[in-house]
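>>> turn this into a structure:
(one chain, ligands or ions: 1)
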Amino acid sequence: MSEITQQRILTTAIPGPRSAELHARKAATVAAGVAPGLPVYVERAAGGVLRDVDGNQLIDLGSGIAVTTVGNGNPRVVEAVQRQVADFTHTCFMVTPYEEYLQVCEQLAARTPGEHEKRTALFNSGAEAVENAVKVARVTTGRQAVLAFEHGYHGRTNLTMALTAKNMPYKQGFGPFAGEVYRAPMAYPYRWPTGEKQCAQEAYDAFASMVTTQVGAENVAAVVVEPIQGEGGFIVPPEGWLARIRDFCTEHGIVLIADEVQSGFCRTGDWFACDHEGVVPDLITTAKGIAGGMPLAAVTGRAELMDAVHPGGLGGTYGGNPVACAAALASIETMAADDLASRAREIEALMRPRLEALADRTGIVGEIRGRGAMLAVELVEDLDLRTPAPQLAAAINRACHERGVVTLTAGTFGNVFRFLPPLTITDALLTEAMDVLDEAVDQVLAAR
Ligand SMILES: *Cc1c(COP(=O)(O)O)cnc(C)c1O
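Next comes the predicted model:
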């Protein structure tokens, strides 16, 4: 198969005939609940470009949802995976261990926030990591309640569905959900009822009051928080809010779990989003960007908490699979060697002015937010009323797709247009993708 150039190339309509054929086959064999947002079937990918089965090359602004942070088919990752596959593919770390698992845990200890003694356990998915972080918190505190936030997303397993705020499509019909989960208001400045200025203080007060009056702080094992919310629409809490949650947890012996499954690994311009404000969680969950596309997840945290669980209490058949570990080591090495955290800030510097210009020109952007290469625009019908515009977001998304740019939406109201490019994407591709976004918006607005 030929090498992929870092170029957008359109040879057919998107999706093309071969993709359409495969998608028709999909309906007869894949469960309808598994529903691709852009039914273009991929044949090969490299860096920031996906090539489909019709020979089109699409610019990737999604990274498979913040996973291929080091670029698709990153040469270091490919080489590490090939080497490891040839050596051995699996033993199960709980049966006969191997060094690669230890190396990933050492890297996580060194890179995650805080200088304290740490331990790590590896898993397969973000949801599994969050579930296990809650298990650790419950064992160490002897308490049961878990506090999560509005607009939060933590996965699709039973406990993580309960932690997740949004009903459709994640929870609808899937109950009953795990018990002892409580949800506090999120510090969402753009939609805070009394205005952005009050948001940090009032959101914190609502959280603290809820814990003390409704649940009882002495019953709370953990607070689970995304330092920047992902699926909820890249909601960035006001400066200082997270630190106050941290202090509250410390004061009441509550385990603070930072869910950095989406925001972690250089995505936001730091190794972790918590680093931005110097907040040190007790446990941190990671996945997505950790292993260049191989399935791997982790819980890293204070040694005294992580070591409190009895031997055999944590694990799983595949958790910390050696091939996934090799990929993670190569990805982390790439992030460090190529300073991808700085690259994320460069991406923001390129994209933000483009998004600001788009906002000024069109009057449909209520807020531009996010950090580093985790940026979003919240689309509204009316700048004063702030009415969410989900149809507009969907239409622009489709128009980008038709032009060969893979984009994603998000948000509780479905009106957030989010960008998660691979950090290795070229400036040229990113600029072209922003040009395409301009065209797509113009087309959609002209048709209104
Ligand atoms: C994606 C995500 C999860 C779930 O990860 P999976 O690997 O899909 O199970 C959990 N938390 C956050 C913040 C996420 O973005």
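
>>> name the surrounding residues that touch the strand or helix carrying R246.
R246 belongs to helix 241-252 when assigned by DSSP states H and E. Applying CB atoms under 8 Å, 6 or more residues apart in numbering, the external contacts of helix 241-252 come out as 187, 199-200, 203-204, 207-208, 211, 217-218, 220, 223, 225, 227, 254-256, 274, 277-282. For the C-beta atoms, the positions are set from N, CA and C on the backbone; glycine is no exception.

>>> could you look up the SS state of K197?
Reduced to three states with DSSP: H, G, I helix; E, B strand; the rest coil, the structure at K197 is helix.

>>> now do it against the ligand, distance only.
Using CB to the nearest ligand atom, to the nearest Å, one obtains 27 Å as the distance from K197 to the ligand.

>>> same question, L102
Distance of L102 to the ligand, computed by CB to the nearest ligand atom: 23 Å.

>>> just the C-alphas of the host helix or strand of that residue, formatted as PDB.
Per DSSP H and E, L102 falls inside helix 99-111. Taking Å, rounded to 0.1, in the frame of the first residue of the first chain, the C-alpha atoms of helix 99-111 are listed here in PDB:
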ATOM      1  CA  GLU A  99       9.000  -5.600  32.700                       C
ATOM      2  CA  GLU A 100       7.100  -3.400  30.200                       C
ATOM      3  CA  TYR A 101       4.200  -3.100  32.700                       C
ATOM      4  CA  LEU A 102       6.600  -1.800  35.300                       C
ATOM      5  CA  GLN A 103       8.000   0.700  32.900                       C
ATOM      6  CA  VAL A 104       4.600   2.200  32.100                       C
ATOM      7  CA  CYS A 105       3.900   2.500  35.900                       C
ATOM      8  CA  GLU A 106       7.200   4.200  36.400                       C
ATOM      9  CA  GLN A 107       6.500   6.600  33.600                       C
ATOM     10  CA  LEU A 108       3.100   7.400  35.100                       C
ATOM     11  CA  ALA A 109       4.600   8.000  38.500                       C
ATOM     12  CA  ALA A 110       7.100  10.400  37.000                       C
ATOM     13  CA  ARG A 111       4.700  12.300  34.800                       C
END
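
>>> on that earlier part again, what pLDDT, on average, does the helix holding R246 get?
Mean pLDDT, computed over helix 241-252, is 98.

>>> by contact count, what packs against the helix holding L102?
Applying 3 or more CB pairs under 8 Å, 6 or more residues apart in numbering; DSSP states H and E, we find helix 99-111 packed against strand 118-123, strand 297-302, helix 322-337.

>>> what's the angle from it to helix 322-337?
With axes from the mean of the first three to the mean of the last three CA atoms, to 10 degrees as the basis, helix 99-111 and helix 322-337 are set at 30 degrees to each other.

>>> check which residues of helix 99-111 are buried.
By 16 or more other CB atoms under 10 Å, the buried positions in helix 99-111 come out as E100, Y101, V104, C105, Q107, L108, A109, R111.

>>> ditto for stretch 381-400
P388, A389, L392, A393, A394, A395, I396, N397, R398, A399, C400.

>>> what segments of this structure are helices?
Using DSSP state H, the helices found in the chain span residues 17-27, 63-66, 75-87, 99-111, 126-141, 158-163, 196-209, 241-252, 303-306, 322-337, 340-362, 390-402, 427-446.

>>> tell me the angle of the helix holding R246 relative to helix 196-209?
20 degrees.

>>> for the helices and strands packed on helix 99-111, which one sits closest to E21?
With CB to CB, the closest approach to E21 among these belongs to helix 322-337: 31.6 Å.

>>> let me know the angle separating the closest one from strand 297-302.
Using the same axes, to 10 degrees: helix 322-337 against strand 297-302 is 60 degrees.

>>> for this protein, give me the ranges with low pLDDT.
1 (pLDDT under 70).

>>> again, only using 80
Applying pLDDT under 80 to the chain flags residues 1-2.

>>> now for whatever residue of it ends up closest to the ligand, how many residues are close by?
Of all residues in the chain, G126 sits closest to the ligand, with a separation of 2.2 Å (CB to the nearest ligand atom). Around G126 sit 29 other residues, with neighbours defined as other CB atoms under 10 Å.

>>> go on, A148?
That count, for A148 with other CB under 10 Å as the rule, works out to 26.

>>> quick check: residues of the stretch 1-150 of the chain near the ligand?
Within the stretch 1-150 of the chain, the residues that sit near the ligand (CB under 6 Å from any ligand atom) are S125, G126, A127, V130.

>>> right, I mislabeled it, should have said the stretch 151-300 of the chain
Within the stretch 151-300 of the chain, the positions near the ligand by CB under 6 Å from any ligand atom are Y153, H154, G155, E226, G230, E231, D259, V261, Q262, A287.

>>> thinking V380 is in contact with V416, fair?
No. Between V380 and V416 there is no contact under CB atoms under 8 Å: 10.4 Å.

>>> more crowded one of these two?
Comparing V380 with V416 by other CB under 10 Å, the one with more neighbours is V416, at 26 against 21.

>>> which residues touch the more buried one?
By CB under 8 Å, 6+ apart, the neighbours of V416 are G233, F234, A376, V377, E378, L379, A393, T409, A410.

>>> domain-wise, how is this protein divided?
For the chain, automatic domain parsing gives the domain ranges 17-73+339-446, 77-337.

>>> that older thread, using a markdown table, please lay out the buried residues of stretch 381-400 together with distance to the ligand.
Shown next, in a markdown table, are these (distance: CB to the nearest ligand atom, whole Å):
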| residue | distance to the ligand |
| --- | --- |
| P388 | 21 |
| A389 | 23 |
| L392 | 24 |
| A393 | 19 |
| A394 | 21 |
| A395 | 25 |
| I396 | 22 |
| N397 | 19 |
| R398 | 23 |
| A399 | 26 |
| C400 | 21 |
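
>>> span of stretch 24-39 from start to end?
End-to-end distance for stretch 24-39: 10 Å, by CA to CA, to the nearest Å.

>>> check which residues of that stretch are buried.
Within stretch 24-39, judged by 16+ other CB under 10 Å, the buried ones are K26, L38, P39.

>>> name the surrounding residues that touch that stretch.
Around stretch 24-39, the neighbours that count as contacts under CB under 8 Å, 6+ apart are P15, S19, A20, H23, N397, H401, V406, L408, T409.

>>> looking at those, which has the most residues close by?
V406 leads the contacts of stretch 24-39 on contacts (other CB under 10 Å) with 25 neighbours.

>>> are any of the contacts of helix 241-252 buried, and which?
187, 199-200, 203-204, 207-208, 211, 217, 220, 223, 225, 227, 254-256, 274, 277, 279-282.
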